[in-house]
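J.: would you be able to build a 3D model of this:
(2 chains)
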There are 2 protein chains.
Amino acid sequence: MAKHVCLLLCSIILNIVFSGLYLNVKWGEVSSLSTQLSWSREAAIEAEEVAAISCSGHGRAFLDGLVVDGKPVCECYSCYTAPDCSLLSLPCVADVDDGNPMYMEPYWMSKKESSGVLVSGWHRMGYTYIPVDDDGRKLSTELEKYIRKVHELVGNAETEGRHVVFGTGSTQLLNAAVNALSSNSSSPAFVVASIPFYPFKGDTSLWKNKTSNENVTFIEFVTSPNNPGGQFKESVLTGPSVKTIHDRVYYWPHYTAITTPAAEDLMLFSISKLTGHAGSRFGWALVKDEVVHQKMDSYVMHNTIGVSHDTKLRVLKLLKAIVDEGGREIFESGHKIMKERWEGLTTILSYSSRFSLQHIPPQFCSFYQRVREPSPAYAWLKCEREEDEDCYQVLKEAGILGRRGRLFEAEDRYVRLSLLKSQEDFDSFVQLRNIGFC
Amino acid sequence: MAKHVCLLLCSIILNIVFSGLYLNVKWGEVSSLSTQLSWSREAAIEAEEVAAISCSGHGRAFLDGLVVDGKPVCECYSCYTAPDCSLLSLPCVADVDDGNPMYMEPYWMSKKESSGVLVSGWHRMGYTYIPVDDDGRKLSTELEKYIRKVHELVGNAETEGRHVVFGTGSTQLLNAAVNALSSNSSSPAFVVASIPFYPFKGDTSLWKNKTSNENVTFIEFVTSPNNPGGQFKESVLTGPSVKTIHDRVYYWPHYTAITTPAAEDLMLFSISKLTGHAGSRFGWALVKDEVVHQKMDSYVMHNTIGVSHDTKLRVLKLLKAIVDEGGREIFESGHKIMKERWEGLTTILSYSSRFSLQHIPPQFCSFYQRVREPSPAYAWLKCEREEDEDCYQVLKEAGILGRRGRLFEAEDRYVRLSLLKSQEDFDSFVQLRNIGFC
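T.: Just a heads-up that it's a prediction; the model follows:
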C-alpha cells in the first residue's frame, strides 16, 4: 500500500516536472515569436545562404553573382580556379596594379551583425530628400552627422563652418569642384598638380611663377598624402588667380600619421579609402565657401541627379558601425595590416641594390598619441640599374603587375605597387623574389 | 487498492503524454533552429521595426531618416504635419511639379517579401566586376540578363545584337552618348530636340534642312513617348552628319501602348520610370555600335568609376521580382493607376473652356493584345483664355504647383502637371477645383 502511494507520488511529481517543462518551453516559444521576422526573412535567409557558400578561402560568392543551378557561384581570386576555387592556377600573376582596398574585407566580415543593411523594396523611391522639419533640416542630416562624427573622432579634418557635399565617389566631386571653381572664369581654367600625381592634367612646375596672368584661372590639385608615394604635399602655386582642391582621401590613420586637423577651403574624401567600399561610389567634400558649395551640389544634381539613396543608406550603416564601436578598431586593424605589408616589403628590399622605395619617416600621430611607423597605401618602386629603364616590364617578366610611372607623369623607372589589395594578392606578390629582390 | 492502481496508471499515462509533448516541442525547436538567422537578424529586425512605425497613412519612416530618441521619425507627405503626420496643415499646395514616380510605392509595399535585399557589410567592396569564367563573362551578367528578359516580356525593345551599358541614371548615359557620338568631330556638336522637350539645348526646327554642313555634327535627342505630352515622336533631322539618341524611358505599358519593339541604334532606359525607383540612380542604354558602346562605357568609368554596386544589387532584385511573377502585374497595376488619373483629369476638364489637355488616342497595344486607353505620365495643360498668358501663375494662385512651359522651350500658356506622384498629391490636386476647372 505504502509502495503504491510512493509510486503514485513519484508519478505525480514527474507529471508536475514534465508539465512545467512543457509550459516553460511553450512560453519560450511565445516570447521568441514576438521577435520573429516576417517579410524581411526571405532576404535575410538569401544573404546568409550566399555567405555560407564555401570557396575554399580563395574566393567569394555574392548575391548578384553568376548563377548556376539556381545558386550564385564562387568568384575565385586571381591564381585560383574550379567551382569551389580550390585549384591553384599557374602561372600566377601578382596583380598589384589597381587600388581596390580589399585588405579591409576581413574587418567587415568580422562585423557582420553591425554592418549589414536590409533595403526594403519601397526604400526612398523619390529623387530627392525633402526637408522634414521647420528648421529645414534635410533627410541627409543623419549621414552628414556621422561624417562629421568620424572626422571628429579621428581629428583629421576641421568640419566646423564647412558644408558637406555628397558625390558619386570623389571622382565626381573633383569634376564638380573644378566646375565650381572655374565657372566665373571667361576662359578655360588650367588644372595642374605636382609630379608624380594620379592621372590628371598639367604639371605645376611649368606654371610656378607664371600665375600672374589674371585672365587665366589655375586650379591646383594637391593630394596629401600623395598617390603615389604617401608623402604629405603642399600647394605650389600662389596668386589671386590660383584656386586649390585638396584631395584628402588618404588622410586616415590606416595610411598616415594624423598631424593636425586639415582645414583647407575645399577638401575631398571618399568612403573607398576610409572603409574600403570602393564599389559603393560615395565621396564627400568639405567646403567653406557657400557659393562653391552650392555650385558643386548643383553639378552633382545635373550630372547624376544626386547620389543613389541605396548607397547613402549603406554608407550610413558603415559609418554608424565605426562610430558605435568607439571609432578606433577599424583604424587599428587597417593600420596593422598596412604597416606589416610595408615592413615586409622594406625588409625584403633592404638587401636589394636593384630596387628602392620611397622614404617615409615615422611621425607623431595625434590619433594614436604616439610616434607611428609608416604604412602607405602604395609602394613607389624605383628600378636602380641603368638598363632597367622600363621598370614595369622588369616586374611584369617576373610575374608582378604594377602601374607604370608614366601614368603618374613620372619616369618609367618608377612603378606604383598597390598595398591595398587582398592578403592573397599581397602574399603572391612578396613571394615572387626571383627578380633579384634579395 | 484498485483505486490506487487506477490513479497510478492515469498518472503514468499523463507522464507519457507530457514527456511526448515536451520532446515534440523540443524537436520542433531543433528543426526550426536550422532555418534560424544569425548575423542578418539585426538588420532584418531594424528594417521591420522602421516599416512598422505608424505615420497615419500620411507619411513614411525610413532607416536613414532623422532620429529622435533613438528611432527614425515619420517623414510627412506635403500637407501633413505632427510626429505621426496626423495633422492636416493648411493651406495645402498640390505639388505636381516633379516627376517623382511615387505612384509605384504601394505596388512595392505589396511585394515586401520578394523585393527586399540584404546587403552584407562586405558585399562587393572592389571597384570593378572581374571576369569570372573562361568565356570572359562578367559579374554584371545576371543584371544584364534580367534587363533583356524584361524587354522580351514586354516587347518594347529589340535587345538582340545590342550591347547593354549601365549608367548612374539615364542622365549620365545621355552625357555619355553625346560624348561618344561627338568624339570624332573636330568642332563641338550641336545637341537638339523638338519643342516641347525636357530641358536640353537647341530646337530641331531651326536646323531642319540645314544639316548638310559636314563640319558640324548634329545630335538629335528624341524622347518617345515625349516628356511632356506623351505622344510618340520621330527624328526630324536627316543627313550624314546627324546622329540620334532615342530616349525611351517612358516606353513601358504603364504610360503608353506598346506598338512595336523599338529597334533604334542607341536607346536609353531608366529604372526610375520602369519600377519607380528614381532615387536609385540607375539607367541603361541599348547600343548597336561596338565603338559607341565602348566609348559610353569608358565615359561612365571616367565620370563616376562605374555604377554603385549596391544599386546594381538592388535593381537586380527588383527586376527579378518583376520577372518571377510573370512580368505582367507591375504593368497592370501601374497602367490602372495612370489611366484612372488621366480619366479623372479629362472628365473634370471636359466641362472646362478655360483649360485644355493634349490629345492622346487609344491605341492597339501588343503587350495587352487589345486597344488600350491613354495613360500618360504628364498632363500638358494649356490655359485657353487670352488673359491667362502665365498659366503657371494661374494654377499657382489656386494652390497647384506645376512646371512652366518655358522650361520645355514652349509658351508659358502651357504647364506640365505630373501624374506620377503619390495618390495623396494627386488627390489634393484634383480636389482643387476652385480655379474654374468645371
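
J.: which residues sit against the host helix or strand of residue A:49?
T.: Residue A:49 belongs to helix A:41-52 when elements are defined using DSSP states H and E. Residues from elsewhere that reach helix A:41-52, judged by Cβ atoms under 8 Å, 6 or more residues apart in numbering or on different chains: A:37, A:61-63, A:65, A:72, A:112, A:116, A:118, B:35, B:37-41, B:43-44, B:113-114, B:116-120. For glycine as for every other residue, the C-beta is placed from the backbone atoms N, C-alpha and C.

J.: hmm, which of those residues are the buried ones?
T.: If you count burial by 16 or more other Cβ atoms under 10 Å in any protein chain shown, the buried members of the contacts of helix A:41-52 come out as A:37, A:61-63, A:65, A:72, A:112, A:116, A:118, B:37, B:39-41, B:43-44, B:114, B:116-120.

J.: ok, back up a step: tell me the buried residues in the helix holding residue A:49?
T.: Within helix A:41-52, the residues scored as buried using 16+ other Cβ under 10 Å are A:41-48, A:50-51.

J.: quick check: pLDDT value at the nearest residue to residue A:153 once chain neighbours are set aside.
T.: Nearest in space to residue A:153, with sequence neighbours left out and distances taken as Cβ to Cβ, 6 or more residues apart in numbering or on different chains, is residue A:327 at 3.5 Å. The model reports residue A:327 with a pLDDT of 93.

J.: does residue A:327 touch residue A:154 like I think?
T.: Yes: under the criterion of Cβ atoms under 8 Å, residue A:327 makes contact with residue A:154 at 6.9 Å.

J.: higher neighbour count, these two?
T.: Looking at residue A:327 and residue A:154 with other Cβ atoms under 10 Å in any protein chain shown, you find the greater number of neighbours at residue A:154, namely 20 against 16.

J.: could I get the buried residues of helix A:41-52 as a markdown table with distance to residue B:195 and pLDDT?
T.: Supplementary listing: the buried residues of helix A:41-52 in a markdown table, determined by distance: Cβ to Cβ, whole Å; pLDDT from 0 to 100:
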| residue | distance to residue B:195 | pLDDT |
| --- | --- | --- |
| A:41 | 52 | 96 |
| A:42 | 48 | 95 |
| A:43 | 46 | 97 |
| A:44 | 51 | 97 |
| A:45 | 53 | 96 |
| A:46 | 48 | 95 |
| A:47 | 49 | 97 |
| A:48 | 54 | 97 |
| A:50 | 50 | 96 |
| A:51 | 54 | 96 |
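
J.: and these as a markdown table, adding distance to residue B:227?
T.: What follows is the buried residues of helix A:41-52, written out as a markdown table (distance: Cβ to Cβ, whole Å):
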| residue | distance to residue B:227 |
| --- | --- |
| A:41 | 40 |
| A:42 | 36 |
| A:43 | 34 |
| A:44 | 39 |
| A:45 | 41 |
| A:46 | 36 |
| A:47 | 37 |
| A:48 | 43 |
| A:50 | 39 |
| A:51 | 42 |
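
J.: run through the neighbouring helices and strands of the helix or strand containing residue A:424.
T.: Secondary structure from DSSP H and E places residue A:424 in helix A:423-430. In this structure, helix A:423-430 packs against strand A:94-95, helix A:329-349, with contacts taken as 3 or more Cβ pairs under 8 Å, 6 or more residues apart in numbering or on different chains; DSSP states H and E.

J.: closest to chain B out of these?
T.: With respect to chain B, and counting by Cβ to the nearest Cβ, the nearest of those is strand A:94-95 at 9.9 Å.

J.: residue A:349 against residue A:343, yeah?
T.: No: no contact is recorded between residue A:349 and residue A:343 when judged using Cβ under 8 Å, the distance being 10.9 Å.

J.: more neighbours: which of these two?
T.: For residue A:349 versus residue A:343, the count of surrounding residues by other Cβ under 10 Å is larger for residue A:349: 17 against 13.

J.: where does the more buried one land on pLDDT?
T.: The model reports residue A:349 with a pLDDT of 90.

J.: any idea how far it is from residue B:430?
T.: Residue A:349 sits at a distance of 75 Å from residue B:430 (criterion: Cβ to Cβ, to the nearest Å).

J.: and residue A:120, by the same measure?
T.: 29 Å.

J.: for chain A, what helix or strand is lowest in average pLDDT?
T.: When each helix and strand of chain A is scored by mean pLDDT, DSSP states H and E, helix A:2-33 comes last, with a mean of 54.

J.: contact partners for residue A:392?
T.: Applying Cβ under 8 Å, 6+ apart, we find residue A:392 in contact with A:402-405, A:412, A:415.

J.: want to throw those into TSV with secondary structure, pLDDT and distance to chain B?
T.: Below are those laid out as TSV (DSSP: H, G, I helix; E, B strand; the rest coil; pLDDT from 0 to 100; distance: Cβ to the nearest Cβ, whole Å):
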residue	secondary structure	pLDDT	distance to chain B
A:402	coil	95	17
A:403	strand	96	14
A:404	strand	95	18
A:405	helix	95	21
A:412	coil	96	23
A:415	strand	97	20
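
J.: now, among these, which is nearest to residue A:141?
T.: The closest of the contacts of residue A:392 to residue A:141 turns out to be residue A:403 (Cβ to Cβ; 39.4 Å).

J.: wait, the closest one sits on residue A:198?
T.: No: shown here, residue A:403 and residue A:198 do not form a contact pair, counting by Cβ under 8 Å, at 10.1 Å.

J.: now the helix holding residue A:424: average pLDDT?
T.: Averaged over helix A:423-430, pLDDT sits at 87.

J.: just the buried positions in the host helix or strand of residue A:153, please.
T.: Per DSSP H and E: residue A:153 is located in helix A:141-154. Residues A:141-152, A:154 are the ones in helix A:141-154 that count as buried (16+ other Cβ under 10 Å).

J.: just list what that helix packs against, helices and strands only.
T.: By 3+ Cβ pairs under 8 Å, 6+ apart, helix A:141-154 packs against strand A:163-167, helix A:309-324.

J.: and these: which comes nearest residue A:91?
T.: Closest to residue A:91 of those, according to Cβ to Cβ: helix A:309-324, at 37.1 Å.

J.: and that closest one, C-alpha only, in CSV?
T.: Taking C-alpha atoms only, helix A:309-324 is exported to CSV below (Å, rounded to 0.1, in the frame of the first residue of the first chain):
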residue,chain,number,x,y,z
HIS,A,309,19.8,56.6,-52.0
ASP,A,310,20.7,52.9,-51.6
THR,A,311,24.4,53.8,-51.4
LYS,A,312,23.8,56.6,-48.9
LEU,A,313,21.8,54.1,-46.7
ARG,A,314,24.7,51.6,-46.8
VAL,A,315,27.3,54.2,-46.1
LEU,A,316,25.4,55.5,-43.1
LYS,A,317,25.3,52.0,-41.7
LEU,A,318,29.0,51.5,-42.2
LEU,A,319,29.8,54.9,-40.5
LYS,A,320,27.5,54.0,-37.6
ALA,A,321,29.3,50.7,-37.2
ILE,A,322,32.6,52.6,-36.9
VAL,A,323,31.3,55.2,-34.5
ASP,A,324,29.3,52.8,-32.4
